[in-house]
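Colleague: Kindly return the folded structure for what I paste below:
(4 chains)
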There are 2 protein chains.
Amino acid sequence: MQVSGGDLQRLRQLNSLSSIRALRSARGPLTLTELAAETGLSRGSIVDVITDLHERGWIAEVEPTTGGMGRPAKRYRFRADAGHVLGIDIGVNKVLAMVTDLAGRTVASGRIAVDQRTPRHDRLEAVSRAVEAALVAAGLTPLDLWGVAAGSTGVVDREGLVTRVQALPDWAGVDLLGHIGQRLPCPITIENDSKLAALAEQRLGVAAGVRDLVYLHVGRRPGAALIINGQLHHGFSGATGEVGLMEITGWRAMAGYLETSPAAGDAAPDAAAGLVFGAARGGDADALAAVEAYAHHLALGTAAMVLTLDPELVVLGGGFSRSADVLLPALRRALEPHCLRVPEIRPSTLGEECVALGAACLALDRVDERFFSPEGSISRPAAPQRLA
Amino acid sequence: MQVSGGDLQRLRQLNSLSSIRALRSARGPLTLTELAAETGLSRGSIVDVITDLHERGWIAEVEPTTGGMGRPAKRYRFRADAGHVLGIDIGVNKVLAMVTDLAGRTVASGRIAVDQRTPRHDRLEAVSRAVEAALVAAGLTPLDLWGVAAGSTGVVDREGLVTRVQALPDWAGVDLLGHIGQRLPCPITIENDSKLAALAEQRLGVAAGVRDLVYLHVGRRPGAALIINGQLHHGFSGATGEVGLMEITGWRAMAGYLETSPAAGDAAPDAAAGLVFGAARGGDADALAAVEAYAHHLALGTAAMVLTLDPELVVLGGGFSRSADVLLPALRRALEPHCLRVPEIRPSTLGEECVALGAACLALDRVDERFFSPEGSISRPAAPQRLA
DNA sequence: CGTACATAATCAGGAGTCCATCAATAGTGA
DNA sequence: TCACTATTGATGGACTCCTGATTATGTACG
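Modeller: So this is what the prediction gives:
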């Protein structure tokens, strides 16, 4: 939107950008003719632009195909391996660092188990070691990273400070930006974990391409996140999707219906829900009642968000979403009386790596803003110069 | 974002755009030197661009100022009168059509009183006559309009169809797009009235420049609208801000606390609220209790939206906002127990023209997209050619 | 094996836009 | 009337893009 004209170099820069965009979003490599058609530029100009991009290391040539009529065309692809980003999930039970290339493909990862009682210092230490391991596995140094994003439980404000945490006793106020920034000299973003999971689902998962969605994290600690107009909605102080704080939704205690159900027997709290969902699947009356009660309260908070935003889709993520076959129909039934139109509800597909994946997506978004947007400066690439 | 390179004309187009943007957002007229500084272009290029725009009728020259040192500079301004848009408020009690220029200044308006029982056909007829009157007053013909937007009660879907109305018995399903389009040959947008009021407040009113806000329409029929990331949030089916549909908020009946309060005496329902707010202002216990009860329920729905979105601001509009001195503190108190952070709350400032003004803003946004955005085509202006 | 055909790459000429520079112009103030 | 100041106007050079013609490199077929 804010494109601000300029001189001839600027025009060349814009055309380089269209070419890179075309190559990035294309399925496979493209010929010069295809690129000309895609960008609307003439053939001669495309040749100029592409040779320039090739020299600067942004794109690579691919073997031409044989067997067609006429002279085989040179083919070019975007060099997704020209740079890498790091996505970090700082969870309650694990720390997962994941290196991806510029196309978002996972290259390597490092994972360290922790638990709810791991003290702050040790958890931060685990972050450093997981990052280290992922970098070693990918054969990269911190200097090769173009961006980093990390997800943490709790409310994360605009400055990257964790302001409010329930799951971890000593985690509030932790300066993740500072801790990670000490080790990695590149742009860093900190974000709430549910928000990153939502982003991952919208980019790579079950909500691919959906512009407005509500992500529900169903688990022992419920959460929610919003994607509005294709973008993560952060909110003024980072506290979006916190409808669970309203007492009348009953979100704070609703997991108790599952954990204290007779169907759970005397299983440990973190195993109870799975048992109850299993029993409900088998038709157990107690279990069905517990799921019904849980869904009733989940629906109260969900309805508040759905009625507010009128989203296209609701995505069910988090631990309990493994039992979506039981939970999803119950939730839909419980939503009916509240909503004008109950949106489609889909269970998450990305599994337990979704937060780290979402973090990588966010880091890639920042890279896009810096290098691949008209406001950015592909003409003066900071990192890729080192390719040459 | 989607700027797609191109040839030399394209560059000129982008530079024309920056110049027009600079002139539009400037306080007064600008000299060529100021324009060069603003756009980053060289002096010579600015001369080219500006003479071109001048010939095409987009800008006008103003008298040079005398009294300064050196040769007096030519000064140019954007011709806000190069085009006009129309904003229409199709309300329960009135139809208001308002002609504004491209800067959003009201040029003329037409207004026709109706009431809740006016049948559909007559209300549509009133729309036509109000538009006619506004155009006559402005000295324009339908061909001079570059865009129209109209606001109606009820849920408005993406196709401009009014799908769900409570206030007007026979209004559901009305084809406003068709009715207006028959008379006015230009792009037309239909939108919900509260949404337009919210937009007006964000552009011209008390929320100027705020990116995320919740607009509360407090009146006999409550409503809400959202502005997210600086843009009106329409939602998948147009039904955003409908938290009042949740029974537990009590929005459907909360106006009853005011209308049936002993402090209202036996005033007519539409006058009761004003009396009660007045009595509350004077300290009457019954009235205070009624306001408290009203605010309690208003806060339930508001909290749902605030917790979902974490907006920077809540704007209080609609009829009851005239009593914001009483209602606003009560609402803030009632929100406290629900919210992490109670956002700032401000009463609306635009008065009863706000829906029509918001409609004009929306129509202007569409004009901006068509003419003044990189995706648009200022190079091939449809309407302004007729200036010459 | 050689020729016809199809597609791609390359090159040259021409046009449009922007920039830097310098002289000319129109005011002010002594 | 004469300096001083800031703007205007004009010229040449550099860059990018487009068009059209020419050359290169593969397949198909007699």
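
Colleague: mind checking the SS state of residue A:88?
Modeller: Assigned with DSSP: H, G, I helix; E, B strand; the rest coil, residue A:88 falls in the strand class.

Colleague: And for residue A:168, the neighbour number?
Modeller: By other CB atoms under 10 Å in any protein chain shown, 22 other residues sit near residue A:168. (Each C-beta comes from the backbone N, C-alpha and C, glycine too.)

Colleague: Any stretches of chain A with poor pLDDT?
Modeller: Within chain A, the set of residues satisfying pLDDT under 70 comprises A:1-6, A:376-388.

Colleague: and it, which of its residues are near DNA strand D?
Modeller: Within reach of DNA strand D by CB under 7 Å from any atom of the strand, chain A has these residues: A:8-9, A:11-12, A:15, A:40-45, A:48-49, A:66-72.

Colleague: Now the buried members of these.
Modeller: For those, a burial check counting by 16 or more other CB atoms under 10 Å in any protein chain shown picks out A:11-12, A:15, A:41, A:45, A:49.

Colleague: Keep only the residues you listed that also lie close to chain B.
Modeller: Restricting these to those within reach of chain B (CB under 8 Å from any CB of the partner chain) leaves A:11, A:15, A:41.

Colleague: Show me the strands in the stretch 1-150 of chain A, by range?
Modeller: Using DSSP state E, counting those that start in this stretch, the strands of the stretch 1-150 of chain A run over residues A:30-31, A:59-62, A:75-78, A:84-90, A:94-101, A:106-113, A:145-152.

Colleague: so what's residue A:236 up against?
Modeller: Counting by CB atoms under 8 Å, 6 or more residues apart in numbering or on different chains, residue A:236 touches B:212, B:310-312, B:341, B:343.

Colleague: Save the ones next to chain B among the buried ones among the residues of chain A next to DNA strand D as a markdown table, and put in distance to residue B:270 too.
Modeller: Putting those into a markdown table (distance: CB to CB, whole Å) gives the following:
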| residue | distance to residue B:270 |
| --- | --- |
| A:11 | 61 |
| A:15 | 62 |
| A:41 | 63 |
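
Colleague: In helices only, show me the residues you listed.
Modeller: Among those, the members found in helices (DSSP state H) are A:11, A:15.

Colleague: Buried residues in stretch A:258-268, which are they?
Modeller: For stretch A:258-268, by 16+ other CB under 10 Å, it's A:258-259, A:261, A:263-264.

Colleague: Now do the same contact list for the residue nearest to residue A:265 when sequence neighbours are not counted.
Modeller: In this structure, residue A:265 finds its nearest non-sequential neighbour in residue A:275, 6.8 Å apart by CB to CB, 6 or more residues apart in numbering or on different chains. Shown in contact with residue A:275 (CB under 8 Å, 6+ apart): A:263-265, A:267.

Colleague: any chance of those in JSON lines, plus secondary structure?
Modeller: Below are the contacts of residue A:275 laid out as JSON lines (three-state DSSP):
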{"residue": "A:263", "secondary structure": "helix"}
{"residue": "A:264", "secondary structure": "helix"}
{"residue": "A:265", "secondary structure": "coil"}
{"residue": "A:267", "secondary structure": "coil"}
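
Colleague: how far away is the residue lying closest to residue A:45 once chain neighbours are set aside from DNA strand C?
Modeller: The shortest distance from residue A:45 to any non-neighbouring residue, by CB to CB, 6+ apart, is to residue A:15 (6.7 Å). Computed as CB to the nearest atom of the strand, to the nearest Å, the residue A:15 to DNA strand C distance reads 13 Å.

Colleague: Residue A:15 touches residue A:44, doesn't it?
Modeller: No - in this structure residue A:15 lies outside contact range of residue A:44 using CB atoms under 8 Å: 11.9 Å.

Colleague: could you pull out the helices for chain A?
Modeller: Under DSSP H, chain A gives helices at A:8-25, A:32-39, A:43-56, A:120-138, A:176-183, A:193-203, A:251-259, A:269-281, A:285-309, A:324-335, A:354-371.

Colleague: Could you check the first one and say which residues are buried?
Modeller: Yep, that's helix A:8-25 we're talking about. A:10-24.

Colleague: Going by contacts, tell me the helices and strands next to that helix.
Modeller: Helix A:8-25 sits against helix A:32-39, helix A:43-56, strand A:75-78, helix B:8-25, with contacts defined as 3 or more CB pairs under 8 Å, 6 or more residues apart in numbering or on different chains; DSSP states H and E.

Colleague: Show me what the shortest one is packed against.
Modeller: Helices and strands touching strand A:75-78, by 3+ CB pairs under 8 Å, 6+ apart, are helix A:8-25, strand A:30-31, strand A:59-62.

Colleague: what does it rub up against?
Modeller: For strand A:75-78, contacts defined as CB under 8 Å, 6+ apart pick out A:20, A:23-24, A:28-32, A:35, A:50, A:54, A:58-65, A:102-103.

Colleague: again, only this time at 6 Å
Modeller: A:23-24, A:29, A:31, A:59-62, A:64 (CB atoms under 6 Å, 6 or more residues apart in numbering or on different chains).

Colleague: tell me the contacts of the closest residue to DNA strand D within the stretch 151-300 of chain A?
Modeller: Closest to DNA strand D within the stretch 151-300 of chain A is residue A:187: 28.2 Å, counting by CB to the nearest atom of the strand. Residue A:187 makes contacts with A:147, A:366, as judged by CB under 6 Å, 6+ apart.

Colleague: how far away is it from DNA strand C?
Modeller: Taking CB to the nearest atom of the strand, one finds residue A:187 at 29 Å from DNA strand C.

Colleague: Same question for residue A:293.
Modeller: Distance from residue A:293 to DNA strand C, by CB to the nearest atom of the strand: 64 Å.

Colleague: Just give the closest residue to that residue, not the sequence neighbours.
Modeller: Using CB to CB, 6+ apart, the closest residue to residue A:293 is residue A:257 (4.2 Å).

Colleague: thought the one you found was touching residue A:296?
Modeller: No - using CB atoms under 6 Å, residue A:257 is not in contact with residue A:296; the gap is 8.8 Å.

Colleague: quick one, which of the two is more surrounded?
Modeller: Using other CB under 10 Å as the criterion, residue A:257 and residue A:296 rank with residue A:257 on top: 20 against 17.

Colleague: In contact with that one, which residues?
Modeller: A:290, A:293-294 are the contacts of residue A:257 under CB under 6 Å, 6+ apart.

Colleague: same thing but at 10 Å, please
Modeller: Residue A:257 makes contact with A:250, A:273, A:276, A:289-297, according to CB atoms under 10 Å, 6 or more residues apart in numbering or on different chains.

Colleague: cool, residue A:43 as well?
Modeller: So residue A:43 contacts A:32-33, A:35-37 (CB under 10 Å, 6+ apart).

Colleague: That one and residue B:73, how far apart?
Modeller: Relative to residue B:73, residue A:43 is positioned 45 Å away (CB to CB, to the nearest Å).
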